[in-house]
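1. Output the structure for:
(one chain, ligands or ions: 1)
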Amino acid sequence: MPRATTVPAIAPLPYPGDRAASPRAARCAGTVGWGRGVRGQGAGARDRACELRAWATGAGETLRVARRRGARRGGAGVPCGRGQGAERAEECAPTACRCRTLRPMPATGLYIHLPFCRSRCAYCDFTVVPLAGGGDRVAAYFGALHRQLGQLASQFPGPLATLYLGGGTPSALDPGQVVRLLDEVHTLFGLKAGAEVTVEVNPGDGATPFIREVAGAGVNRLSIGAQSFDDVELTRLGRRHTVAEIYQTLAAAAAAGIDNLSLDLMVGLPGQDAARVAANVAAAAATGVPHLSAYLLHLEESVPMARQVRAGRLLLPAEGAVAEQYRTLHRAAAAAGLVAYELSNFARPGAEARHNLGYWQCRPCLAAGTGAHGMALLDDGCGWERWANETDLDRFLAAIAGGGDGIVSRDRVTGATARGEWTMLRLRLAAGVARAELAGRFGAGAVGWLERALAPYRGRGWVAESPAGWRLTVEGWLFSDTLFCDLFE
Ligand code: SF4
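-> As a prediction, the model looks like this:
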C-alpha cells in the first residue's frame, strides 16, 4: 500500500550547489524529478551512453529508489510453484524462482556498447575509455565483442527486430571496424525485414564519413547527440561540437539517405531558462527530425561541472524553474507536432524509437560490451532475468579472453517485483497501463492493487484514468520519481 504523502513542494533549493552536491537527496521528498532516461537504450549501464543514463532498465533510477525504499526483490533460489491466478504476483514473491528457465525465443533487440570517446564532457561521470593512443585496445575490444556475440547467438538465435550501437561515441571510431561489426551481427543473428538499426552519432569529429559508411552497411536510424542549439551551452557542457556541426551532421544523414533521425537535447543546464528550452526545441523541430529525446542534467559530485557549480562559477536553475522547463519542453514539442510517447521522448507518429520501446514494454533484449545490460523472459512469461556485463574495459577483455561470458551479475525479477517494475515502465509511456494487459500478465488482483496505489494521485492531476486503464499526465511525469517511490514502497 502506498504510504501517506505530503503534497509535493517545488521549492528553490537553498543554494545552487545543492543539486550538484546531493542530487538524489530530495527525490523522495516530493521534489521534481522524472525518469533520467536513456539516449538510445533503456537497459543501459551507467556508462553506456551519453548524457543522462539510467542504471538498469529505462526506469533504472526510479527502480533503484523504489528498492531503497523497500520494494521486494527476489531472494535465494527457492522454487516458487509457479503460482497462477488472481494473486499470483504475491504468491511468487519474493522468491527468485530458480525453477524457471529462460524462454528460448528469438530476442527482439540487441544493444552493443562502444565505450570510446575522444574527450570527456564536463558533466560526464561514465566509464569512458579515451580513444587517443588506444588503437590496440579498440581492436581487442572488437575481438571480444565478436566472441561475446557468438556466445549470445548460440543461446538466443535471431533474427533481430532492432539493433542499437551506443556509447561512448560510436561515430568517433573507424567506420570500417563498425561496418565489420554490423556484418558480424547480420551473420550471427540475422535481421528481420524492416529491422530498426540505430547508431549513436556525435556531431563533428568525422561524423560525415562515418555516416556515409555505416549507411551502406544497413544503418537506417541515427541518434544524434546535439544537446543544445546554443554554442554557449555547448561550450559549458564541454561538448566538442558546435551548432554548425549539428547541421552538417544532419546534412550528412540526408546525403546518406537516412531520414529516421533523433536529436538529443538537455534541460536544466546552467543559465538555462524556459525560453532557452523552447528555443532549443523549436530549432530541433525546424530541422525536420521526426524524434527528440530530452533529459534533465544530472551531476555527480566528481564531475568538472559540479565543481564549477560548487565554486559559484556556474548557476543551476532552481527546482521550480526546472519544473517549468519540463512543462515548456512538452508544450514546445507538441506545438511542433512531436508527440510525447514517453516522459522524455517525443516523435512524429510512426517515428517512435522501436528499440527503446522494447525496454519500456519489457521485451527481451540482448546486450554485448562493457556495462551493457540484457534481459530475457522466463518461461512462464510473467518474469524475466536481467544480466549486466563487466563495466571495466580491462576486466571485460580479460574475462572474455579467459573463455568467460563477461557477465558480472544476474538478477531474476519475479512476482511482486516484476509487477512493480513492469508497471513503472508502462507508466513512463503515454499509453500507460492497460487493465486487460495488467490482469493478463499478473492476475486479476493486480488491477485492484494498482487502483489502490494510484488513488492518492488522481486528485493531484498526476494520473488520468479511463475504462481502459491509467496513464500519467505531464505533471505526473514531472513528479514520477516521487510517485514511483511512493507507489512501490
Ligand atoms: S560523448 Fe561526452 S557525455 Fe557522451 S559518453 Fe562521451 S564523454 Fe560522456
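2. pretty sure residue 287 is in contact with residue 247, am I right?
-> Yes. When contacts are counted by CB atoms under 8 Å, residue 287 is listed as touching residue 247 (7.5 Å). C-beta coordinates here come from the backbone N, C-alpha and C atoms, glycine included.
3. In stretch 135-150, which residues are buried?
-> Burial within stretch 135-150, assessed by neighbour count using 16 or more other CB atoms under 10 Å, is assigned to 137, 138, 140, 141, 142, 144, 145, 147, 148, 149.
4. Isn't the second one up against residue 177?
-> Yes. Checked against CB under 8 Å, the pair residue 138 and residue 177 is within contact range at 7.2 Å.
5. quick one on the thing from earlier: least confident of the buried residues of stretch 135-150?
-> In terms of pLDDT, the lowest of these is residue 137, showing 92.
6. what sits against it?
-> Under the criterion of CB atoms under 8 Å, 6 or more residues apart in numbering, the neighbours of residue 137 are 129, 393, 397.
7. can you tell me the helix or strand for it?
-> Residue 137 is part of helix 135-155, with elements assigned from DSSP states H and E.
8. Name the next helix or strand downstream of that helix, please.
-> Helices and strands here follow DSSP H and E; after helix 135-155, the next one along the chain is strand 160-167.
9. that older thread, switch the buried residues of stretch 135-150 over to CSV; also include distance to residue 277.
-> Formatted as CSV, the buried residues of stretch 135-150 follow (distance: CB to CB, whole Å):
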residue, distance to residue 277
137, 39
138, 37
140, 42
141, 37
142, 39
144, 40
145, 37
147, 44
148, 40
149, 40
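10. Out of the residues you listed, which two sit at the greatest distance?
-> Using CB to CB, the buried residues of stretch 135-150 reach their maximum pairwise distance at 137 and 149, which is 18.3 Å.
11. Looking at the stretch 301-450 of the chain, what residue ends up closest to the ligand?
-> residue 303 (9.6 Å; CB to the nearest ligand atom).
12. Check whether that residue really touches residue 125, as I assumed.
-> Yes. With contact taken as CB under 8 Å, residue 303 and residue 125 are classed as touching, separated by 5.1 Å.
13. Doesn't residue 279 lie inside a helix?
-> Yes. Residue state for residue 279 (DSSP: H, G, I helix; E, B strand; the rest coil) corresponds to a helix.
14. my guess is it contacts residue 229, does it?
-> Yes. At 7.0 Å, residue 279 counts as touching residue 229 under the criterion of CB under 8 Å.
15. Quick check on the two: which one has the bigger neighbour count.
-> The neighbour count for residue 279 versus residue 229, taken as other CB atoms under 10 Å, is higher for residue 229 (21 against 16).
16. Secondary structure element holding residue 431?
-> Assigned by DSSP H and E, residue 431 falls within no helix or strand.
17. Can you list phi and psi of residue 300 for me?
-> Recorded main-chain torsions at residue 300 are phi -80, psi 150, according to degrees, to the nearest 10.
18. Show the backbone phi and psi for the closest residue to residue 208 other than its chain neighbours.
-> With sequence-adjacent residues excluded and distances taken as CB to CB, 6 or more residues apart in numbering, residue 208 is closest to residue 252, at 4.1 Å. For residue 252, the backbone dihedrals (degrees, to the nearest 10) come out as phi -60, psi -40.
19. Could you do the one 5 residues further on as well?
-> With angles defined as degrees, to the nearest 10, residue 257 sits at phi 80, psi 20.
20. Contact partners for it?
-> Shown here is residue 257, whose contacts under the criterion CB under 8 Å, 6+ apart are residue 215.
21. Next one: it from residue 291, what distance?
-> 17 Å (CB to CB, to the nearest Å).
22. mind listing what's buried in stretch 412-425?
-> Applying a neighbour-count criterion of 16+ other CB under 10 Å, one finds 412-425 buried in stretch 412-425.
23. picking that back up, export the helix holding residue 137 to CSV, keeping only CA atoms.
-> Once non-C-alpha atoms are left out, helix 135-155 reads as follows in CSV (Å, rounded to 0.1, in the frame of the first residue of the first chain):
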residue,chain,number,x,y,z
GLY,A,135,44.2,1.5,-31.1
ASP,A,136,45.3,-1.8,-29.8
ARG,A,137,42.6,-1.8,-27.0
VAL,A,138,40.0,-0.8,-29.6
ALA,A,139,41.0,-3.8,-31.8
ALA,A,140,41.0,-6.1,-28.7
TYR,A,141,37.5,-4.8,-27.8
PHE,A,142,36.1,-5.6,-31.2
GLY,A,143,37.6,-9.1,-30.9
ALA,A,144,36.0,-9.5,-27.5
LEU,A,145,32.6,-8.3,-28.9
HIS,A,146,32.9,-10.9,-31.6
ARG,A,147,33.3,-13.7,-29.1
GLN,A,148,30.5,-12.4,-26.8
LEU,A,149,28.1,-12.1,-29.7
GLY,A,150,28.9,-15.6,-30.7
GLN,A,151,28.0,-16.8,-27.2
LEU,A,152,24.8,-14.9,-27.3
ALA,A,153,23.8,-16.1,-30.7
SER,A,154,24.3,-19.7,-29.7
GLN,A,155,21.8,-19.2,-26.8
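24. just to revisit the earlier point, for the residue of the stretch 301-450 of the chain closest to the ligand, give me its contacts.
-> Taking CB under 8 Å, 6+ apart, one finds 122, 123, 124, 125 in contact with residue 303.
25. Give me the pLDDT value at the third one.
-> Which is residue 124. Predicted confidence (pLDDT) for residue 124: 94.
26. Any residue of the helix or strand hosting residue 244 touching the ligand?
-> When secondary structure is defined by DSSP H and E, residue 244 falls within helix 243-255. No. Judged by CB under 6 Å from any ligand atom, helix 243-255 and the ligand are separated, with a smallest distance of 13.4 Å.
27. Which SSE is immediately downstream of that helix?
-> Elements were assigned by DSSP H and E; along the chain past helix 243-255, the next helix or strand is strand 260-267.
28. what's that next one packed up against?
-> Secondary structure elements in contact with strand 260-267, counted by 3 or more CB pairs under 8 Å, 6 or more residues apart in numbering; DSSP states H and E, are strand 221-227, helix 243-255, helix 274-286, strand 291-296, helix 319-335.
29. Show me what whichever helix or strand comes after the longest one is packed against.
-> Counting by DSSP H and E, the element after helix 319-335 in chain order, helix or strand, is strand 339-342. Contact here means 3+ CB pairs under 8 Å, 6+ apart; on that basis strand 339-342 packs against helix 319-335, strand 345-347, helix 354-360.
30. what's the model's confidence in strand 339-342, averaged?
-> 98.
31. Contacts for it, please.
-> When contacts are defined by CB under 8 Å, 6+ apart, strand 339-342 is touched by residues 37, 58, 330, 333-334, 346-349, 352, 356-357, 360, 428-431, 474.
32. ok, the residue in the stretch 151-300 of the chain that the ligand sits nearest to - contacts?
-> Proximity of the stretch 151-300 of the chain to the ligand (CB to the nearest ligand atom) peaks at residue 169, 4.9 Å away. When contacts are counted by CB under 8 Å, 6+ apart, residue 169 touches 50, 114, 116, 117, 118, 131, 200, 202, 205, 225.
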